[in-house]
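Peer 1: Got a predicted model here, sequence first, then my questions.
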Amino acid sequence: MAKQRVLSGVQPTGNLHLGNYLGAIRNWVKGQHQYDNFFCVVDLHAITVPHNPATLSADTHAIAALYLACGIDLDCSTIFVQSHVSAHSELTWLLNCITPLNWLTDMIQFKEKAVKQGENVGVGLLDYPVLMAADILLYDADKVPVGEDQKQHIELTRDIVDRLNHQYGKPNQPILKSPAPLISTDGARIMSLTDGTRKMSKSDPSDLSRINLLDPPDVIRNKIKKCKTDPVRGLVFGDPERPECNNLLTLYMLMSGKSKQDVAAECQDMGWGQFKPLLTETTIAHLQPIQDKYKQIMDEPGYLESVLHDGRQKASEIANQTLRRVKVALGYSLPT
Ligand code: TYM
């Protein structure tokens, strides 16, 4: 039986942080051998908020290199850049024309990000989930491994599929496949180091709020030293009054690879003075091999370009077939 297909992506806006890693990439790596995987760097999404053209290309390469450094295996996975496969933009237009406007204005992320943009909010930000739907649907993906914050966008993708199939498909002959979100129980929502009630995010103005995968040991030490805690002795999971405590214990559990029960038992009598150095050294040790591999990849001339060139070819082949299928269903005649 053919393997199920997985598609996911990350925006090249700044460095990857522990939220991206624990909510998404770590799970891509863990599950990759049971699936046929496509991982893209979503550089078209990156311009839906003001961006810096001088760094876009380098950031895109850095994210692709980090996918490899985190353990994505090219024997079962394809890595590519979204803007290299023009079918993503083209399918977005076709899907735009069947997506009701109010589905997009209802999206939580749009509302949150639009507030920050004020008068300057662009159409691209509103349309962002349709582009994400196109990313997923072009590959007939069965599963989409993401963090909790992307769940609503995958539900929207499913609604778009239903609408397209219903309006233009034939009975029992769907045009597009409905994907399912794959969200892990632990790490699906990693919180800020400076406020345990807010998500760790690339757009937080304070770099102290997140640990980036490429942060050197001294920076990690400083961030954990300064992170927000509480005055209570004894560390426990799941106390709603202690969001920072729950988040930091979760980070320790995921960075150490220990079970929740073991971490709960180990930390139940600890104070922050004892716990913080433990979390610090565990995090540094976990990230060290990723950082070493990243450097090795970036130091090898031409390697990343060749990975992305191959990825583009493989992705384009599949994406163009799906695009043709949708165009035919919508009534377009294809050029000969
Ligand atoms: P992006 O770039 O914001 O985030 C990439 C991935 O990281 C997850 N994530 C988190 N998980 C746990 N805790 C956090 N604090 C945290 N912050 C981010 C996100 O859920 C995501 O899985 N729209 C997407 C990118 C995208 C995409 C796609 C994803 C574009 N097309 C197609 C899947 C399939 C985004 O902006 O992710």
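Peer 2: Received it, and whenever you're ready, just let me know what you need.
Peer 1: Can you name the residues in contact with the helix or strand hosting Asn27?
Peer 2: Using DSSP states H and E, the element containing Asn27 is helix 26-31. Outside of helix 26-31, the residues within contact range by C-beta atoms under 8 Å, 6 or more residues apart in numbering are 6, 8, 37, 39, 67, 70-73, 77, 145, 182, 184, 187, 254. (Glycine included, C-beta is placed from N, CA and C.)
Peer 1: which among the residues you listed end up buried?
Peer 2: 6, 8, 37, 39, 67, 70-72, 77, 145, 182, 184, 187, 254 (16 or more other C-beta atoms under 10 Å).
Peer 1: Just the closest of the residues you listed to the ligand, please.
Peer 2: Nearest to the ligand out of those is Ser8 (C-beta to the nearest ligand atom; 4.2 Å).
Peer 1: any idea how far the closest one lies from Pro129?
Peer 2: In this view, Ser8 and Pro129 are 15 Å apart by C-beta to C-beta, to the nearest Å.
Peer 1: ok, Gly169 touching Ile175?
Peer 2: Yes: the pair Gly169 / Ile175 is scored as a contact, 4.7 Å apart, by C-beta atoms under 8 Å.
Peer 1: Disregarding residues adjacent in the polypeptide, which is nearest to Lys3?
Peer 2: Asp36 (4.5 Å; C-beta to C-beta, 6 or more residues apart in numbering).
Peer 1: would that neighbour count as being in a strand?
Peer 2: Yes: applying DSSP: H, G, I helix; E, B strand; the rest coil, one finds Asp36 inside a strand.
Peer 1: That one touches Ala2, doesn't it?
Peer 2: Yes: judged on C-beta under 8 Å, Asp36 makes contact with Ala2 at a distance of 7.5 Å.
Peer 1: So which of those two has more stuff around it?
Peer 2: Legend: neighbour count by other C-beta atoms under 10 Å for Asp36 and Ala2, higher for Asp36 (18 against 5).
Peer 1: Quick check: pLDDT value at the more buried one.
Peer 2: Listed pLDDT for Asp36 reads 98.
Peer 1: Over to Phe80. Which of the three states is it?
Peer 2: For Phe80, the secondary structure call by three-state DSSP comes out as strand.
Peer 1: for it, what are its contacts?
Peer 2: Contacts for Phe80 (C-beta under 8 Å, 6+ apart) come out as Phe38, Phe39, Cys40, Val41, Leu308, Gly311, Arg312, Lys314, Ala315.
Peer 1: Narrow those residues to those that are buried.
Peer 2: Phe38, Phe39, Cys40, Val41, Leu308, Gly311, Arg312, Ala315.
Peer 1: Distance to the ligand and secondary structure added to those, as a markdown table?
Peer 2: Conversion of these to a markdown table gives the following (distance: C-beta to the nearest ligand atom, whole Å; DSSP: H, G, I helix; E, B strand; the rest coil):
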| residue | distance to the ligand | secondary structure |
| --- | --- | --- |
| Phe38 | 9 | strand |
| Phe39 | 9 | strand |
| Cys40 | 7 | strand |
| Val41 | 9 | strand |
| Leu308 | 17 | helix |
| Gly311 | 15 | helix |
| Arg312 | 16 | helix |
| Ala315 | 13 | helix |
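Peer 1: ok, now how distant is Cys172 from Asn165?
Peer 2: In this structure residue 172 is Asn, not Cys. For Asn172, the distance to Asn165 (C-beta to C-beta) stands at 10 Å.
Peer 1: Those two - which one has more neighbours?
Peer 2: Each of Asn172 and Asn165 has its neighbours counted (other C-beta under 10 Å); Asn165 has more, 18 against 5.
Peer 1: Output whichever strand or helix holds that one in CSV with nothing but the alpha carbons.
Peer 2: In the assignment (DSSP H and E), Asn165 maps to helix 151-168. This file holds the C-alpha atoms of helix 151-168, laid out as CSV (Å, rounded to 0.1, in the frame of the first residue of the first chain):
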residue,chain,number,x,y,z
LYS,A,151,-5.6,24.1,13.4
GLN,A,152,-8.2,26.6,12.3
HIS,A,153,-6.4,27.1,9.0
ILE,A,154,-6.6,23.3,8.3
GLU,A,155,-10.3,23.3,9.2
LEU,A,156,-10.7,26.1,6.6
THR,A,157,-8.8,24.0,4.1
ARG,A,158,-11.2,21.2,4.6
ASP,A,159,-14.2,23.5,4.1
ILE,A,160,-12.7,24.8,0.9
VAL,A,161,-12.2,21.2,-0.3
ASP,A,162,-15.9,20.3,0.5
ARG,A,163,-17.1,23.4,-1.3
LEU,A,164,-15.0,22.8,-4.4
ASN,A,165,-15.9,19.1,-4.6
HIS,A,166,-19.5,19.9,-4.1
GLN,A,167,-19.7,22.7,-6.7
TYR,A,168,-17.5,21.2,-9.4
